[in-house]
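J.: have a look at this prediction, sequence included:
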Amino acid sequence: MQIKIAPSILSADFSRLGDEIRAVEEAGAEWIHIDVMDGHYVSNITIGPVVVESIRKVTRLPLDVHLMITDPDKYGPEFIKAGADWISIHPETCEEPKTSLKKIRELGAKASIAVNPDVPLDQVERYFPDIDMVLMMTVFPGFAGQAFIEDVLPKIEKAKKVIERRKLPILIEADGGIKADNIARVVEAGAEVIVSGSGIFKTSDYADTIRRMREAGNKK
Ligand code: DX5
Ligand code: ZN
């Protein structure tokens, strides 16, 4: 399986954000993962639509916007307008997730549901007909640089089986604590889009790191 590497810019040097994005693009990344936090759903505050609009100008890679905010219905459309290709929402932040997902697709973006480590798959399976991707959180949302939660792996395996059995065109993305030394297990479980923040941006040679991640992942 050919994996996609999505560096999370949360760990980039924000004083040189354009250069950092160009650098991971040149280093072979397929997507750019953008973590949006509002200080309500999670205690951290990060990036708004204005920044996404600027990022859109420096890369042609798909922008994978992960909304960790209490009002995705209000702000989702703004991020799509700013250039987001993918929008992930946490179902617990939506009044009716199916309506939110439908709206994202109507506005021309791909829709994804984010599943926290303590949320069982059964709770989100009913959204599968309405999504293009399921984002499996391998840390609790809020901060970069946290330790990978091993217990999520069986859930990724289960999701993979359900998607195959139901023949659904859904990608599985894994996000949190993934680095070159544990990516193989995540891919083996069934993830094909791999988010990595500190695992890439805190290393000195992005091309070498991404090559090692890809080698380890694609072996599976
Ligand atoms: C966590 C974010 C992740 C995080 C990944 O709330 O959704 O995308 O930035 O960073 P690392 O790879 O450092 O765990
Ligand atoms: Zn994320």
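T.: Right, received. Where do you want to start? Ligands and ions are numbered 1, 2, ... in the order given.

J.: mind listing the strands for this protein?
T.: Using DSSP state E, the strands found in the chain span residues 4-7, 32-37, 63-68, 86-89, 110-115, 133-137, 171-175, 193-196.

J.: and the second one, what does it pack against?
T.: When you say that, I think you mean strand 32-37. Under the contact criterion of 3 or more C-beta pairs under 8 Å, 6 or more residues apart in numbering; DSSP states H and E, strand 32-37 touches strand 4-7, helix 17-26, helix 49-58, strand 63-68. Just so you know, the C-beta spots here come from the backbone N, C-alpha and C atoms, and that holds for glycine as well.

J.: this structure against ligand 2: which residues are in contact?
T.: Contact residues (C-beta under 5 Å from the ion) of the chain with ligand 2: 35, 66, 175.

J.: can you redo those residues as TSV with distance to Asn218, pLDDT and neighbour count?
T.: Converted to TSV, the residues of the chain next to ligand 2 look like this (distance: C-beta to C-beta, whole Å; pLDDT from 0 to 100; neighbours: other C-beta atoms under 10 Å):
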residue	distance to Asn218	pLDDT	neighbour count
Asp35	25	98	25
His66	24	99	28
Asp175	19	98	27
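
J.: show me which of these is closest to Leu107.
T.: When the residues of the chain next to ligand 2 are ranked by distance to Leu107 (C-beta to C-beta), His66 comes first, at 16.8 Å.

J.: can you name the residue of the chain nearest ligand 1?
T.: Using C-beta to the nearest ligand atom, Gly197 is the residue of the chain that sits closest to ligand 1, at 2.8 Å.

J.: was I right to think that residue contacts Glu20?
T.: No - in this structure, Gly197 is not within contact of Glu20 by C-beta atoms under 8 Å, at 11.4 Å.

J.: quick check: the residue of the chain nearest ligand 2.
T.: Residue of the chain nearest ligand 2, by C-beta to the ion: His66 (3.7 Å).

J.: quick one, what contacts that residue?
T.: Neighbour list for His66: 33-36, 88, 114, 135, 175, 195 [criterion: C-beta atoms under 8 Å, 6 or more residues apart in numbering].

J.: please report how far the residue of the chain positioned farthest from its centre lies from Pro77.
T.: Computed with C-alpha atoms, centre = their mean, the residue of the chain farthest from its C-alpha average is Arg165, at 23.6 Å. According to C-beta to C-beta, to the nearest Å, Arg165 and Pro77 sit 34 Å apart.
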